[in-house]
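Undergrad: return atomic coordinates for the entry below.
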Amino acid sequence: MFDPNGVERCDEHCTHGEIIRQVEPDMPVDEKLYDLAELFKIFGDTTRIRILYVLFEAEMCVCDIAEVLHMTQSAISHQLRLLKQAKLVKNRREGKTVYYALADDHVRTIIDQGMEHIEE
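TA: Residues are numbered from 1 along each chain as shown. Model (predicted):
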């Protein structure tokens, strides 16, 4: 049987209590699921993914990232702000220059696993 949206569903309504009791205790609280969804939204922009790939290779300043990606510094700065708010990148100042890098190895792992998934 299909619902009005064309999604297949059970022919009759029934629940399986044992499975429900097994699954429910391991469900994260809604706040955590919201935070996770927000994190994945950050990965939903090609420019941000491109910036992360650039930072896989080296710590770089906004000027260099803009040059590599053929974009304006303003556009890069805007995306870096979002990536920093999501704790995916970090920065450090050296004189008048601000350098950006991946926040930690988890960022590369998330991107690598996503790439592996789409290449299957």
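
Undergrad: between the two ends of stretch 38-48, what distance do you get?
TA: 14 Å (Cα to Cα, to the nearest Å).

Undergrad: what's the average pLDDT for that stretch?
TA: The average of the pLDDT scores along stretch 38-48 is 96.

Undergrad: buried residues in it?
TA: 42, 43, 48 (16 or more other Cβ atoms under 10 Å). Yep, even glycine has a C-beta here, placed from its N, CA and C like the rest.

Undergrad: tabulate those residues (TSV), appending secondary structure and distance to residue 34.
TA: Shown next, in TSV, are these (DSSP: H, G, I helix; E, B strand; the rest coil; distance: Cβ to Cβ, whole Å):
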residue	secondary structure	distance to residue 34
42	helix	14
43	coil	16
48	helix	20
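
Undergrad: where do the strands of the protein begin and end?
TA: Here the chain has its strands, by DSSP state E, at 60-61, 89-94, 97-102.

Undergrad: and residue 95, how far from residue 3?
TA: Counting by Cβ to Cβ, to the nearest Å, the gap from residue 95 to residue 3 is 61 Å.

Undergrad: ok, the buried residues of stretch 38-48 vs residue 110, which is closest?
TA: residue 43 (7.2 Å; Cβ to Cβ).

Undergrad: count of residues packed around the closest residue to that closest one other than its chain neighbours?
TA: The shortest distance from residue 43 to any non-neighbouring residue, by Cβ to Cβ, 6 or more residues apart in numbering, is to residue 49 (6.6 Å). Using other Cβ atoms under 10 Å, the number of residues around residue 49 comes to 16.
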